[in-house]
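S.K.: I'd like to go over a predicted model; first the sequence, then the structure.
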Amino acid sequence: MPADHVHPVNFDPTDTGHDPHDHDHDHQGGHRRRAVRIGIGGPVGSGKTALTAALCRALGDEIDLAVVTNDIYTTEDADFLRKAGVLAPERVEAVRTGCCPHTAIRDDITANLDAVELLEHRFPGLELVIVESGGDNLTAVFSRGLVDRQVFVVDVAGGDKVPRKGGPGVTTADLLVINKTDLAPLVGADLGVMAADAHRVRGGLPVVAQSLVATPDAPEVAAWVRAQLRTLATVR
Amino acid sequence: MDAAPMDATALLLADSRFPGGGHAHSGGLEEAAARGLVTDEPSLASFLLGRLRTAGALAAAFAAAATGGGDLGALDAEFDARTPSPAQRAASRAQGGGVARAARRAWPSARLDALLAAQPRPHHPVIVGLLVRDPRDAARVVAYLAVTGPASAAVRLLGLDPLGVNAVLARLAGEVDAVAADAARHARTAPEDLPAPGSPALDLLAEAHDRHHREEVRLFAS
Ligand SMILES: Nc1nc2c(ncn2[C@@H]2O[C@H](COP(=O)(O)OP(=O)(O)OP(=O)(O)O)[C@@H](O)[C@H]2O)c(=O)[nH]1
Ligand SMILES: [Mg+2]
């Protein structure tokens, strides 16, 4: 939204004209160099870790990157990434969320910010941090205080009604990934319906349908990530 | 009794919705639950009372002392000296660091800058005391959090009835106030003369939690 062209609405009838928006503009020191942060969210088992690993494989040679995982139960995601050999162990940080994965990415992002800053401190040239949320429900989205862009991953096996259900993850994520398209014939899911519903509820935001079995390096998502890095680098 | 209401800054800091990272800490409750030491409302009540009178009372005294304008660096070091478990020291600094991040945005001040320049991750009671004006309010915030954090973890981990757990907390309210009132006497106490209540059981649970997390799985950071 072009915020500079919109006159802010004033809800306070007792206010005598002073603009409350004037104080807080520069709170983050605006132009500090820091890594771009991309969140990957979505329901349990939809393929977030598999996508993260794919992106590390696809981008690891060209981009200085690291990963924060928020697995609910275990350090399994972090271990998987380390064992998959796609990322050096010291480039993966696991956050404990106290049973509340959505809280840790949205309402209270302290532990995730700590992890991101630790990685930035450890790797001063870091360009990209991928934050994988713990598997959660369709309403779980990342705070903009934590990430610059977010990807929401749903899978075909969850049923072709998922995009129609909507929810902020599906409707507002910067990129929606419909994963595991290879399973569509097995579960009787109609990919055409899923794509059409997704485009309808997202008002023009991009959608990628993929199978990590067919394309293990997630080329379309990797291309989108490269484009985001270019855009954010010029903004910064 | 205290007639003056708590100031709203103290309420923000005590709120479980305050975004300072507290929600991921169970104060030893997760380890106690994993060992079958806390299983229901009565055992939770006993755990919380013990925690309030030890870790809670310690935090309350330091929060009260930090309102007094004394040497916060010395207070921070004295809190280290009274916290034998490295895991507990780390948990306190993680939560103090979370408050610090929020405070830089919400309550900027020269005193805050000075503390954070010397110690970027101060102990939780120290920075709470810096931010809250009244010693009893500051003490009450940390005493309250000493029991509400683990209580909330018990609801999440054990599936206890939230209304029942809330009733357990309500029955502890008088004790929280008493701990805070007692701690408020220490607003001007020199750091090295502050009391040192401790709980070996909590120290051991904190260390066991940390060790278990490396071997298997823990959901909370402490
Ligand atoms: N057939 C198929 N399986 C996939 C695909 N992508 C991921 N998987 C499998 O789906 C399962 C779950 O994938 P993960 O990447 O662990 O899912 P996640 O979203 O990270 O899961 P949580 O973190 O537990 O919520 C694994 O067994 C993957 O191998 C795909 O495109 N096709
Ligand atoms: Mg995962």
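M.R.: Structure received. Numbering: from 1, shown residues only, chains lettered A, B, ... in the order given. Ligands and ions are numbered 1, 2, ... in the order given.
S.K.: what is the least confident helix or strand in chain A?
M.R.: When the helices and strands of chain A are scored by mean pLDDT, DSSP states H and E, helix A:76-83 comes last with a mean of 72.
S.K.: identify the residues contacting stretch B:178-186?
M.R.: Stretch B:178-186 has contacts (C-beta atoms under 8 Å, 6 or more residues apart in numbering or on different chains) with B:2, B:52-53, B:56-57, B:60-61, B:63-65, B:135-136, B:139-140, B:143, B:194-195. For every residue, glycine as well, the C-beta is placed using N, CA and C.
S.K.: buried ones among these?
M.R.: Using 16 or more other C-beta atoms under 10 Å in any protein chain shown as the burial test, these include B:52-53, B:56-57, B:60-61, B:63-65, B:135-136, B:139-140, B:143, B:194-195 as buried.
S.K.: residue in chain B nearest to ligand 1?
M.R.: Distances between chain B and ligand 1 by C-beta to the nearest ligand atom are smallest at residue B:217, namely 13.3 Å.
S.K.: re the thing from before, so does the least confident helix or strand of chain A get close to chain B?
M.R.: No: if you take C-beta under 8 Å from any C-beta of the partner chain as the test, helix A:76-83 misses chain B, and the best it gets is 8.6 Å.
S.K.: note down every partner strand of the following helix or strand past that helix and its orientation.
M.R.: As assigned by DSSP states H and E, the chain's next helix or strand after helix A:76-83 is strand A:92-94. When pairing is defined by DSSP bridges, strand A:92-94 lines up against strand A:65-69 (parallel).
S.K.: before we move on, back to that, which of the contacts of stretch B:178-186 fall within helices?
M.R.: Among the contacts of stretch B:178-186, the members falling in helices (DSSP state H) are B:57, B:60-61, B:63-65, B:135-136, B:139-140, B:143.
S.K.: about what we covered before: and the least confident helix or strand of chain A, what's buried?
M.R.: A:77-78, A:80-82.
S.K.: show me what the worst-scoring helix or strand of chain B on mean pLDDT is packed against.
M.R.: Scoring the helices and strands of chain B by mean pLDDT, DSSP H and E places helix B:200-215 at the bottom, with a mean of 89. Using 3 or more C-beta pairs under 8 Å, 6 or more residues apart in numbering or on different chains; DSSP states H and E, the elements in contact with helix B:200-215 are helix B:29-34, helix B:41-51, helix B:86-106.
S.K.: chain A: strands as residue ranges?
M.R.: A:36-41, A:65-69, A:92-94, A:128-132, A:149-155, A:175-179, A:207-209 (DSSP state E).
S.K.: turn those strands into TSV, columns for mean pLDDT.
M.R.: Shown next, in TSV, are the strands of chain A (pLDDT from 0 to 100):
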stretch	mean pLDDT
strand A:36-41	97
strand A:65-69	95
strand A:92-94	90
strand A:128-132	97
strand A:149-155	97
strand A:175-179	98
strand A:207-209	97
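S.K.: C-alpha coordinates for stretch A:101-113, CSV please?
M.R.: Coordinates of each C-alpha in stretch A:101-113 appear next as CSV, following Å, rounded to 0.1, in the frame of the first residue of the first chain:
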residue,chain,number,x,y,z
PRO,A,101,5.0,-22.3,17.3
HIS,A,102,2.6,-19.6,16.1
THR,A,103,3.5,-17.4,19.1
ALA,A,104,7.2,-17.7,18.4
ILE,A,105,6.8,-16.4,14.8
ARG,A,106,4.1,-13.9,15.3
ASP,A,107,3.2,-12.6,18.8
ASP,A,108,6.5,-12.9,20.6
ILE,A,109,9.4,-13.2,18.1
THR,A,110,12.1,-12.7,20.7
ALA,A,111,13.7,-16.2,20.5
ASN,A,112,13.7,-16.1,16.7
LEU,A,113,15.2,-12.6,16.6
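S.K.: in it, what counts as buried?
M.R.: A:101-106, A:108-113.
S.K.: cool, and stretch B:73-89?
M.R.: Buried positions in stretch B:73-89, judged by neighbour count with 16+ other C-beta under 10 Å: B:73, B:75-76, B:78-79, B:82-83, B:85, B:87-89.
S.K.: and the residue of chain A that's closest to ligand 1?
M.R.: Taking C-beta to the nearest ligand atom, ligand 1 has its nearest neighbour within chain A at residue A:135, 2.4 Å off.
S.K.: tell me, what's the model's pLDDT at the closest residue in space to that residue that isn't next to it in sequence?
M.R.: Once flanking residues are discounted, residue A:135 sits nearest to residue A:44: 3.0 Å by C-beta to C-beta, 6 or more residues apart in numbering or on different chains. The model reports residue A:44 with a pLDDT of 91.
S.K.: not counting its own residues, what contacts the least confident helix or strand of chain B?
M.R.: A:96, B:27-28, B:30-32, B:34-35, B:50-51, B:54-55, B:84-88, B:91, B:218, B:220, B:222.
S.K.: counting neighbours, what do you get for residue B:39?
M.R.: Residues lying near residue B:39 (other C-beta atoms under 10 Å in any protein chain shown) number 13.
S.K.: do residue B:123 as well
M.R.: 30.
S.K.: does it touch residue B:80 like I think?
M.R.: Yes: counting by C-beta atoms under 8 Å, residue B:123 touches residue B:80, with 7.5 Å between them.
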